[in-house]
Each structure stands twice: as C-alpha cells, then as structure tokens.
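Colleague: Got a sequence here, can you model it:
(one chain, ligands or ions: 2)
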Amino acid sequence: MIVEMRTRATQKEIDSVVNRARSLDLDVQLNVGTDKTVVAILGSNTGQISTDAFAVLPGVESVSRIMKPYKLASREFKPKDSIVSIDGVDIGGKHVVVMAGPCAVESEKQLLEAARIIKKAGASVLRGGAFKPRTSPFSFQGLEKAGLELLARAKQQMRLPIVTEVVEPRAVSLVSKYADILQVGARNMQNYALLTKIGKSRHPVILKRGFSCTVTEWLTAADYLLAEGDNQVILCERGIRTFEDSTRFSLDICSIPVLKRFTHLPVIVDPSHAAGHYSYVPALAKAAIAAGADGLLIEVHPNPKEALVDGLQSLTPSDFARLMKELKPVAEAIGRSI
Ligand code: PEP
Ligand code: MN
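Modeller: Ligands and ions are numbered 1, 2, ... in the order given. Reported below is the predicted structural model:
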C-alpha cells in the first residue's frame, strides 16, 4: 500500500501514518522527496487492511494499492528517477556512465594496464572480477582476496571507483571493504540470502538480470536490497536465454524502456556477456544508449588473446577507444552526454 502525504505534511502527520502501520504489525519505508513524502506500507497481509485505515489520518493525500509484486522498486513509491552517486560519478542522470575493464583480475600488470586504457578512453568506473562464478568448477575461479588487493591498488593509482562481484553472503563484508560498487551476477540474482546481506551493508550495488528471469522477477529481487534500506541499487541488463544460439545470450533491449516506465532505479547494459563476441559489442552498446540506458558495463582486456576469462567478447584497447568516440553522437542524439 502506498500512502502519499500532502505537500507540506508535518513530521507529526508522517509519524502518525508510520505509527498506525506499526500498530497493525506492518513495516514501512519512506521516500522523502523534495516536496512530498511517500510512505510504503509493507507486509504480507496488507491486502486485508482497508486503505481507509490510513486515508482518514491528517496530512494524507491519497492511499493506493500497488498490484505489482515489487513495491519499493516501483515508480508508484518513487516517481522520480533515482541517481546513485559514487565518488562524484552519478549513475542515472543525464550523463551516460561507462564502466569497463577485464572480466577477471589476472595480474597487477593486466589490471593496471586495463585501468589506464579505459580511463584514457573516457570510462569512469573500473570493473574486474576477483571472485568469478564460473559455470564449470574446473575454470579459473579468480584471484579472490589477492584480486581485491590489486583492485585497491588500481583504484588508488588511477583514481577510478571499482565494481567487483560478490558471490556469497559471507564474502559481503570483505568485498565491501574494497569495492565502491558490489556486483551481483546473473547466476545470483535470486540468491535472496546474498541480496539481504548486501542490502544490510547499504553498499552501492549492481544487480544483474538473471538470464531466465522476467523483468518483474528482477524488480522483485531488487526489493530485497531496498527493503533492507539499501537505496543505491543499479540494474544491469546482460541478455537472457532464448532459442537463439548465434549470440551467447539475447540482449533484451525491450527491457530498457520497460524498466524506465516501471522503476525509478538506474539501468545499465552489459553488451559483452550478451554478445559473447567482441565484434557485436559496439552495435549493442550503441543500441543500449539509444534505448535509454544510463550506462554501460563493457569487458576490455589489454590483450584479449591472453585473457583467462571471456577473451572472445573483450574489446581491445583500440576497439574500446574507437567505441567511446562512436558513442558520443548516439548519446547526444537523445539529449545525453557520455
Ligand atoms: C561478469 O560480469 O563477469 C559476469 C560473470 O557476468 P554475468 O553475471 O552477467 O554472467
Ligand atoms: Mn565476463
């Protein structure tokens, strides 16, 4: 249930809504806007409670039910776009943010070179996996803690915020010490214990779309983070599994305008994992921006031929620099910058 307070409702009036909810054994989350406060009333039995229980309270403008399974991620709860700010980088504003780097952190040389390349080309966040959720247990699993330390060094030397994946709840506190943004991978989108643990940490997080999950399931998973008070959530479309096998996954461009309609959360796109091949990445990156994505997450390797993971879909330094130039007119055509 969503309780919209009147403009200039007093704190006392807001408190009385919160207290009424608590007295009915319900949880609340507040969206304090510049001119209005919206109170989300949450619980498994809100359907049994009359909207009048809140509508009669002073300072209440309107009460409505959200019929969708996700509540806090919905535009009903927060009509204005959320902006996630990391070290001066705003994700969800007019400027399109590019995050780039290798799939996995492999060595100091590889990571520092990648960081230098992506920064020079105009990217503003460095990606690199230290813990890799690999489909096969025999594949390279990442450098783990040593990889996090290399990320910290790259961050310090290159002055770039970093995003790196966390694959299990007990690693959240460790990875949070190093990462400016935690990444929840596609395989973990519905790992609710992980989402709850991250939500409690209130750390900025990128929630990738599970490759067999609908947009509704994705936004409902985002509610696990938001319910714990983590309001720095970024969604990342990375392709879904379809019958098509000429690409690694099918990039669901449709999800971008759908998300823009139904959620306030910023949306970025990972063209690399969708494509599975470097030659398709530029076209998909351009399509994502044209469709309204707030940012991109792109795999770039100083020498893709030598990459331990995902070399085929990684851009070379020169291909990445060229793509960054080509993205500018696309962003400008829709009134954004990059
Ligand atoms: C990655 O970003 O390296 C990754 C493993 O992505 P996904 O979870 O989307 O497969
Ligand atoms: Mn990868």
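Colleague: for the closest residue to Asp180 other than its chain neighbours, phi and psi?
Modeller: Among residues not flanking Asp180 along the chain, Pro161 sits closest, at 3.8 Å (C-beta to C-beta, 6 or more residues apart in numbering). Where you see a C-beta, it was placed from the backbone N, CA and C, and this is true even at glycine. Torsion angles at Pro161 (phi, psi; degrees, to the nearest 10) stand at phi -60, psi 150.
Colleague: ditto for Asn31
Modeller: phi -110, psi 100.
Colleague: which residues touch the residue nearest to Gly43 when sequence neighbours are not counted?
Modeller: Excluding its sequence neighbours, the residue lying closest to Gly43 (C-beta to C-beta, 6+ apart) is Leu26, at 4.1 Å. Leu26 makes contacts with 41-43, 45-46, 49, as judged by C-beta atoms under 8 Å, 6 or more residues apart in numbering.
Colleague: just Glu237 next, same as before
Modeller: For Glu237, the contact set (C-beta under 8 Å, 6+ apart) comprises 209, 251-252, 255-256, 259, 267-270, 288, 293.
Colleague: near ligand 2, which of these show up?
Modeller: With C-beta under 5 Å from the ion as the criterion, the contacts of Glu237 include none near ligand 2.
Colleague: could you dump the residues you listed to a markdown table with pLDDT, distance to Ala171 and neighbour count?
Modeller: Below are the contacts of Glu237 laid out as a markdown table (pLDDT from 0 to 100; distance: C-beta to C-beta, whole Å; neighbours: other C-beta atoms under 10 Å):
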| residue | pLDDT | distance to Ala171 | neighbour count |
| --- | --- | --- | --- |
| Arg209 | 98 | 21 | 26 |
| Leu251 | 98 | 29 | 26 |
| Asp252 | 98 | 29 | 19 |
| Ser255 | 98 | 28 | 21 |
| Ile256 | 98 | 30 | 23 |
| Leu259 | 98 | 28 | 23 |
| Val267 | 98 | 26 | 25 |
| Ile268 | 99 | 23 | 25 |
| Val269 | 99 | 26 | 30 |
| Asp270 | 99 | 21 | 31 |
| Ala288 | 98 | 29 | 26 |
| Ala293 | 98 | 28 | 29 |
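Colleague: Return the member of the residues you listed nearest to Phe131.
Modeller: Nearest to Phe131 among the contacts of Glu237 is Asp270, at 17.3 Å by C-beta to C-beta.
Colleague: Am I right that that closest one is in contact with Gly295?
Modeller: No - between Asp270 and Gly295 there is no contact under C-beta atoms under 8 Å: 9.8 Å.
Colleague: Identify the residues contacting Lys78.
Modeller: 31, 33, 38, 72, 264.
Colleague: where does it land on pLDDT?
Modeller: As predicted, Lys78 sits at a pLDDT of 95.
Colleague: any idea what it is structurally, helix, strand or coil?
Modeller: Three-state assignment for Lys78 (DSSP: H, G, I helix; E, B strand; the rest coil): coil.
Colleague: Leu182 versus that one, what's the distance?
Modeller: 21 Å (C-beta to C-beta, to the nearest Å).
Colleague: next one: Gln190
Modeller: Applying C-beta to C-beta to Gln190 and Leu182 gives a distance of 16 Å.
Colleague: Which one of those two is surrounded by more residues?
Modeller: Leu182 (25 against 16; other C-beta atoms under 10 Å).
Colleague: My guess is the more buried one contacts Lys208. True?
Modeller: No - between Leu182 and Lys208 there is no contact under C-beta under 8 Å: 11.2 Å.
Colleague: Can you give me the buried ones in the helix of greatest length in the chain?
Modeller: As assigned by DSSP state H, the longest helix anywhere in the chain is helix 317-333. Residues 317, 319-321, 323-324, 327, 330-331 are the ones in helix 317-333 that count as buried (16 or more other C-beta atoms under 10 Å).
Colleague: Before I go, just wanted to say thanks for your time.
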